[in-house]
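>>> I would like the atomic coordinates for the input below:
(chains A and B)
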Amino acid sequence: MTNKEYESYYVPSQSHWPIVGAVALFMIAFGAANYVTDLSKEQSGYGGYLLLAGIALVVYMLVGWFSDVIKESLSGKYSHQMDNSFRQGMSWFIFSEVMFFAAFFGALLYLRVFSVPWLGGAGNNVSTGAVLWPDFVAQWPLLTTPDGTTTTSMGWFGLPLINTVLLLTSSITAHFAHSALIKNDRKPLKIWLGITIILGVSFMCLQVLEYAHGYSEEMRLFLDSGVYGNTFYLLTGFHGMHVTLGCIMLIVMWFRILKGHFTPENHFAFQAANWYWHFVDVVWVMLFVFVYIL
Amino acid sequence: MTTDVIEQDSHDEHHDDSHEHGKMNGIKRWLYTTNHKDIGTLYLWFAFIMFLTGGALAMVIRAELFQPGLQLVEPDFFNQLTTVHGLVMVFGAIMPAFTGFANWMLPMMLGAPDMALPRMNNWSFWILPFAFAILLGSFFMESGAPNFGWTFYAPLSTTYSNGSTAFFVFAVHIMGISSIMGAINIVVTIMNMRAPGMTYMKMPLFVWTFFITAYLLIAVMPVLAGVVTMLLTDTYFGTSFFDAAGGGDPVLFQHLFWFFGHPEVYIMILPAFGIVSTIIPAFSRKRLFGYSSMVYATSSIALLSFIVWAHHMFTTGMPLFGELFFMYCTMLIAVPTGVKVFNWVATMWRGSLTFETPMLFSIAFVILFTIGGFSGLMLAMTPVDFQYHDTYFVVAHFHYVLVTGSLFSIYAGAYFWLPKWTGHMYNDSLSKWHFWCSLISVNLLFFPMHFLGLAGMPRRIPDYALQFADFNKWVSIGGFAFGLSQLIFLAVVIKCIRGGEKAPAKPWDGAIGLEWTVASPAPYHTFSTPPPQRDIDNADQHEH
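Predicted coordinates:
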């Protein structure tokens, strides 16, 4: 396509994957809604099964859809412009993820700066504190809530610090893997990417350990232990989900590299997985500072 | 994936629909399509069906409010009606209608072969019917439909929920996924698919407004996803983000919701600006006055929309500094909006005007949207808002901007491009009936609401004091008339699809834009090769 004045843009023909994906999302949403509703009424229903079936269908859809894309890419149908579409699409997707986390960080900030101090009588809320919960003392981490629920706080030293080191290192090794790919050094590429995956999986294992610790009788830090537990588990939980997704992406890339995919010029999927990995790393740094240290 | 043939045809006009890459037959065409025109059509029909659904709910609301007392529905069901009416109109009618316009027109206006990511485009659409099946289906569930208002304030949607919260939350989640993917597609198409020679400042203003809208969507839909997630965990998993007993604050909900909600308001009006800025020059037979200032004004409105959200919350007891900050920032928006209204009027000034139906709707838009803008300014003033808050004045305000604003622009655009979409001219006299009936009835419907609100009638109630009876009767009559008038539009569209006078490639002599260089109806694939530079220069909206 290089001799032509314009590269032609590949417009794919009809595909059944989008409608499969739409049905799958419906099953997930409807299943999850039923499951949660049944849970609250302490009755059992089909919601959970529908949810699991929906997740299975999404996985099936993603495998099918991506293998179509990979086939098209390997058969040289994609132009430079197409590559740009994918790259820009991925960057804006990551930006939307940033905004998703921003909602939770924003909530954390509001709780710490406004709502907890106000409940303790700060600003013009002296009577709120005095009338509603006179014994409540505003503090962060909020270890005793206005209604008297108590908990303990997760320190930053120990597991969280080790996890920070693990993730920061993995971001560097991911970058080394990318540099190796650009130089077409396949062996270091496999090794660095492999190390990245191992670091990511170790992070996840330690995170599970930390949750177990939090839920132990000793710490009693639960999801419903007031706003400290709420923000702790939702922020680290959503981050953990994203790390899991990032790990899966990297593992897929590793197998594709074993199959000989990607060239120094053409490796959008690898690049996208890498970007995503750096993104979850940055989110962790924010988490470490605002959830654990401060 | 059976056929992987790249379109190589150089001339779109000679394109053959039976080509390998052409349409599939029957329902498969719509389920499997990757074609931006098919997907645009799907979005537009879906939006119209949702519009009629939401409208039917509104008819019941107005029937109940026709006279004081409880006649037709229980108060709880009334709450479900107002809630679902709002959600369906915002997320099901207005937003998908604009996405339909984006799909149909952006590739043609940019000289691109299709949207940048065609398969994802189809996925974005097909999520929507399922999302609304869940939302509307909840009417038939044990819990009933959401009854906490379209703004789903905590604790109405948490502690006092009727049990529909989970269905609502997950429906919003997949709706949000659809919107984000749709917006990413629009951004990437505009950044990456412009024909060679079409620089950013040569793009039609229509494209600019959708570009900026798509950015707003990518920035705020994830925040909506976040806030409904907190709602879910508060309702079902014992968190207390919005519950003071655990250290949270119901006002936090409102901050998060309106951080999404205010840009959302502009998501529903900026594309309207783009449509009107295309139509007014065409029927004034002039170029758009102040193209660049329109681009900057649109961007300014979008940026300001991120720092005005708390003007919805003046009565929550924010610190005084907050009240003042959000009041002044909100009033600042009047400046770029004023620039736009000025430019539309200046475009018409000394133009050789004709009043085809798209132009009638556009002129009505300029005047009636401005009324909505002025009532917005009144609401922006903190001390005054203390009186107007949660009254029918607010209802009047946002229906003026959403119905006579967004919806009228959608009608203007639909009439303007129907010849391009269907290949036939619409029935002119029927369309004029549609316009005049809508115009008169919509003002009968919404204008008296201002007075009701100023007199103190609260919104979201099924019954009211006797003093409000007369105005409510007129409002209801206007409502029924407006509802019926929309059926005329349905008739016009169906007639237009089935036949009518054949439309030339460019039915409007004053129109400019690449979409008019292709045949009517537009061939299934357009601009498989980029248009010539001459056509791009001719489509430039700048004054010469």
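
>>> can you tell me which residues contact whichever residue of the stretch 351-500 of chain B sits closest to chain A?
Nearest residue of the stretch 351-500 of chain B to chain A, counting by Cβ to the nearest Cβ: residue B:382, 16.3 Å away. Placement of C-beta: from N, CA and C, glycine included. Residues touching residue B:382, when contacts are defined by Cβ atoms under 8 Å, 6 or more residues apart in numbering or on different chains, comprise B:314, B:323, B:324, B:326, B:327.

>>> Residue A:14 too?
Under the criterion of Cβ under 8 Å, 6+ apart, the contact list for residue A:14 reads B:3, B:24, B:28, B:29, B:32, B:33, B:34.

>>> ok, now residue B:82?
Applying Cβ under 8 Å, 6+ apart to residue B:82 gives the contacts B:61, B:149, B:150, B:460.

>>> again with residue B:415
When contacts are counted by Cβ under 8 Å, 6+ apart, residue B:415 is found next to B:356, B:357, B:358, B:361, B:426, B:431.

>>> thinking again about what came up before, quick one: buried ones out of the contacts of residue B:82?
Among these, the ones that count as buried by 16 or more other Cβ atoms under 10 Å in any protein chain shown are B:61, B:149, B:150.

>>> what about the residue in the stretch 401-544 of chain B positioned nearest to chain A, how many neighbours?
The shortest separation between the stretch 401-544 of chain B and chain A is 5.9 Å, found at residue B:530 (distances taken as Cβ to the nearest Cβ). Burial of residue B:530, expressed as a neighbour count using other Cβ atoms under 10 Å in any protein chain shown, amounts to 23.

>>> Let's verify it: helix, strand, or coil?
coil (DSSP: H, G, I helix; E, B strand; the rest coil).

>>> what's the neighbour count on the closest residue to it other than its chain neighbours?
Nearest-residue entry for residue B:530: residue B:195, 4.1 Å, with adjacent residues in sequence omitted and distances by Cβ to Cβ, 6 or more residues apart in numbering or on different chains. Burial measure for residue B:195: 22 neighbouring residues, criterion other Cβ under 10 Å.

>>> What about residue B:223, how many residues nearby?
Under the neighbour criterion other Cβ under 10 Å, residue B:223 is assigned a count of 24.

>>> Verify the stated contact: it with residue A:101.
No. Between residue B:223 and residue A:101 there is no contact, the gap being 10.0 Å when judged by Cβ atoms under 8 Å.

>>> give the contact list for the residue of the stretch 51-200 of chain A found nearest chain B.
Each residue of the stretch 51-200 of chain A has a distance to chain B, by Cβ to the nearest Cβ, and the smallest belongs to residue A:103, at 2.8 Å. Residue A:103 makes contacts with B:222, B:223, B:225, B:226, B:227, B:230, B:256, B:259, as judged by Cβ under 8 Å, 6+ apart.

>>> cool, and residue B:53?
For residue B:53, the contact set (Cβ under 8 Å, 6+ apart) comprises B:88, B:92, B:136.

>>> My understanding was that the second one contacts residue B:132; is that so?
Yes. Assessed by Cβ under 8 Å, residue B:92 is found in contact with residue B:132 at 5.4 Å.

>>> From residue B:364, how far out is the spatially most central residue of chain B?
Nearest to the centroid of the C-alpha atoms of chain B, with distances taken as Cα atoms, centre = their mean, sits residue B:94, at 3.1 Å. Per Cβ to Cβ, to the nearest Å, residue B:94 is found 17 Å from residue B:364.

>>> likewise residue B:280?
Computed as Cβ to Cβ, the residue B:280 to residue B:364 distance reads 12 Å.

>>> Looking at the two, which one has more neighbours?
Using other Cβ under 10 Å as the criterion, residue B:280 and residue B:364 rank with residue B:280 on top: 27 against 22.

>>> mind checking the SS state of that one?
Following three-state DSSP, we place residue B:280 in the helix state.

>>> picking that back up, take the contacts of residue B:82 and write them to a markdown table, including pLDDT.
Listed next are the contacts of residue B:82 as a markdown table, based on pLDDT from 0 to 100:
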| residue | pLDDT |
| --- | --- |
| B:61 | 98 |
| B:149 | 95 |
| B:150 | 96 |
| B:460 | 95 |
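
>>> ok, whichever residue of the stretch 251-400 of chain B sits closest to chain A - contacts?
Going by Cβ to the nearest Cβ, chain A is nearest to residue B:252 of the stretch 251-400 of chain B, at 5.2 Å. Residues in contact with residue B:252, defined by Cβ under 8 Å, 6+ apart, are A:107, A:110, A:111, A:114, A:115, B:241, B:242.

>>> List the residues that contact the second one.
Remark: with contacts taken as Cβ under 8 Å, 6+ apart, residue A:110 is in contact with B:249, B:252, B:255.

>>> Which residue does the stretch 151-294 of chain A have closest to chain B?
residue A:224 (3.1 Å).

>>> How many residues are close by the nearest residue to that residue once chain neighbours are set aside?
Nearest residue to residue A:224 in three dimensions, chain neighbours excluded: residue B:238, at 3.1 Å (Cβ to Cβ, 6+ apart). Neighbour count of residue B:238, defined by other Cβ under 10 Å: 17.
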